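**Student:** With the input below, show me the fold.
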Amino acid sequence: SRSLDNRALNAVSLNPVNNRGNVYNNKGEYDRAIADFNQVIQLNPKLAEAFINRGNAYSDKGEYDRAIADFNQVIQLNPKLAEAFYNRGLAYERKGDKIKAIESYRQALALAQNPQVKEFAQRKLKELEAN
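**Tutor:** A predicted model of the protein is given here:
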């Protein structure tokens, strides 16, 4: 199950370091990706996209608490961003916290404008609530 990232959902960032971080992340080079996202966040600590990207890299790397912290930061910056709730749900689910995962997926579903986010959140809720 893939994390939702802003490339699929919003215009691609014009920040080349951010884009390079996404390339590293897609290649599984998580530490290099995280280093790039750290640089972007230092330059612009209010850029939700960079926190989502870094959170995805942490989640893919298996560092779920750090991923969750990044998604929480995104939610503080933009409390209506369904993708952040969805990705946080994924991180909670991978960490084994089913209750918090369900809660995050429900929030994602409630906020989702994007049909892809809505569909993914519904699928996840169905899976988790069936078990």
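
**Student:** if I look at the spatially most central residue of the chain, how far off is Phe51?
**Tutor:** The residue lying closest to the centre of the chain (Cα atoms, centre = their mean) is Asn87, at 3.8 Å. From Asn87 across to Phe51, the span is 10 Å (Cβ to Cβ, to the nearest Å). From N, CA and C alone the C-beta is placed, and that goes for glycine too.

**Student:** which neighbours do those two share?
**Tutor:** Counting by Cβ atoms under 8 Å, 6 or more residues apart in numbering, the contacts common to Asn87 and Phe51 are Phe71.

**Student:** where does this structure have low pLDDT?
**Tutor:** Applying pLDDT under 70 to the chain flags residues 1-14.

**Student:** redo that, cut-off 50
**Tutor:** 6-12 (pLDDT under 50).

**Student:** the longest helix in it is where?
**Tutor:** helix 115-130 (DSSP state H).

**Student:** and it, which residues are buried?
**Tutor:** Val117, Lys118, Phe120, Ala121, Lys124, Leu125 (16 or more other Cβ atoms under 10 Å).

**Student:** Quick check: the second one touching Ala110?
**Tutor:** No - under the criterion of Cβ atoms under 8 Å, Lys118 lies out of contact with Ala110, with a separation of 9.9 Å.

**Student:** All the helices of this structure, in order from the start?
**Tutor:** Taking DSSP H as the test, the helices found in the chain are 6-9, 16-26, 30-43, 48-61, 64-77, 82-95, 98-111, 115-130.

**Student:** Tell me what angle the last one forms with helix 82-95.
**Tutor:** Relative orientation of helix 115-130 and helix 82-95, computed by axes from the mean of the first three to the mean of the last three Cα atoms, to 10 degrees: 30 degrees.

**Student:** Much appreciated, bye for now.
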